[in-house]
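>>> Got a predicted structure plus its sequence, pasted below:
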Amino acid sequence: MPAENHTVNPSFNIKSTAIPAGKPVLLVQAGKQGISFAQLDSDSNTFTSVQVYHFAKQLSDAAIAEEINNLLSVEELHQQHFKKIFVTWCFDENILVPFEYFDQGHTSDMLQLVYGDAAQAAIQHELVLAHNLHTVYRIPVVIKNVFTHWLPFSIQNHQSSLLINIEKVHTNLLYCNFYPTSLTVMLRKNSHLQVIQNFEFNAPEDVAYHLLNVCRSFETAIQTTVLLSGMIDADSNLYNELHKYFLNIEFATLPGNFNYADEIQEQPAHYFSHLFATALCVL
């Protein structure tokens with residue numbers, strides 16, 4: 001069959017009717033849970049489009065690579081000429097290593113100690129200079145190869161390297177970014193990073209358990225601000241479950257550093273706030 005018959009349908013496909021003045025900047029976030037694309041018209045500092053694709057939970061790495069390859073090869077949107085391309089990796093297998101303990105020759109050993117052996121995984125690392133840390137992470141080779149083929153000159157980071165810097169106004173923060181069956185959690189206590197971790201869930205009770213366990217493990221009060229972004233709604237069972245245990249829950253807003261097309265602003269801001277918040281860290 002033609003490749004387009006295999007491609008997943010977008011959960012969101014938002015495009016502005018306005019035509020960008022020059023070459024846009026493309027921001028991509030990719031992980032096991034899905035892939036998203038956002039275009040920024042750098043001349044007007046305006047985000048003009050957002051596309052979000054969610055992958056089924058049971059997809060293998062090879063199947064995810066095939067879906068991403070189909071999207072990058074078929075979609076007209078991604079055959080444009082871009083001023084810059086930024087890729088943010090969202091794969092779970094990553095660790096933050098203090099600078100003084102980092103040894104490039106032992107990155108594989110460190111990841112294996114935490115996550116076990118991984119067949120055909122590409123190991124990458126990057127220095128987070130402001131925090132004196134290295135982010136060490138693994139990407140399935142079949143997926144890495146697709147990006148190398150289609151986006152060979154992209155600037156790449158792991159989301160953990162970027163999440164450290166978001167929402168600095170909160171000295172005590174439990175940040176949660178939701179996908180349909182998983183979430184990414186960052187805890188900041190007294191302005192110091194405590195943990196960044198990914199969890200899978202099947203029910204709202206699973207999410208409450210994970211968040212309460214994070215708070216207990218790091219001796220964090222339930223009065224800590226819980227900031228929600230991604231796929232969660234105020235009238236959902238998931239939100240109601242969290243509201244049973246946490247006193248200060250907020251939805252993330254769109255960063256004020258950018259302009260946004262009307263079509264984007266018509267959607268709940270927290271759906272895409274994490275995409276634009278990490279954009280602040282790379283642009």
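Yep, that arrived.
>>> Can you check the pLDDT for the residue most central in space within the chain?
Nearest to the mean C-alpha position of the chain, counting by C-alpha atoms, centre = their mean, stands Cys90 at 5.0 Å. Looking at Cys90, its pLDDT is 95.
>>> mind listing what the nearest residue to it once chain neighbours are set aside touches?
Sequence neighbours aside, Gly31 is the residue nearest to Cys90 in space, at 3.0 Å (criterion: C-beta to C-beta, 6 or more residues apart in numbering). In this view, the C-beta of every residue, glycine as well, is placed from N, C-alpha and C. Counting by C-beta atoms under 8 Å, 6 or more residues apart in numbering, Gly31 touches Trp89, Cys90, Phe91, Asp92, Gln159.
>>> what about the residue lying closest to Thr225 once chain neighbours are set aside, how many residues close to it?
Take Thr225 and drop its neighbours on the chain: the residue closest to it by C-beta to C-beta, 6+ apart is Asn248, 4.8 Å away. By the criterion of other C-beta atoms under 10 Å, Asn248 has 12 neighbours.
>>> likewise Val114?
Using other C-beta under 10 Å, Val114 is surrounded by 10 other residues.
>>> remind me which residues of the stretch 1-150 of the chain are low pLDDT?
Scanning the stretch 1-150 of the chain for pLDDT under 70 picks out the ranges 1-7, 19-21, 75-79.
>>> where along it do the strands fall?
Here the stretch 1-150 of the chain has its strands, by DSSP state E, counting those that start in this stretch, at 12-15, 25-31, 34-41, 46-54, 84-89, 94-98, 121-128, 133-140.
>>> Relative to Arg216, which of these is closest?
When the strands of the stretch 1-150 of the chain are compared by C-beta to C-beta, strand 94-98 sits nearest Arg216, at 20.8 Å.
>>> Quick check: buried residues in stretch 200-210?
Residues of stretch 200-210 classed as buried by neighbour count (16 or more other C-beta atoms under 10 Å): Phe201, Pro204, Asp206, Val207, Ala208, His210.
>>> which pair in the residues you listed spans the largest distance?
Greatest spatial distance among the buried residues of stretch 200-210 (C-beta to C-beta): Pro204 and His210, at 11.0 Å.
>>> from what I can see Leu228 touches Pro268, true?
No. Here Leu228 does not reach Pro268: they are 10.5 Å apart, not a contact under C-beta atoms under 8 Å.
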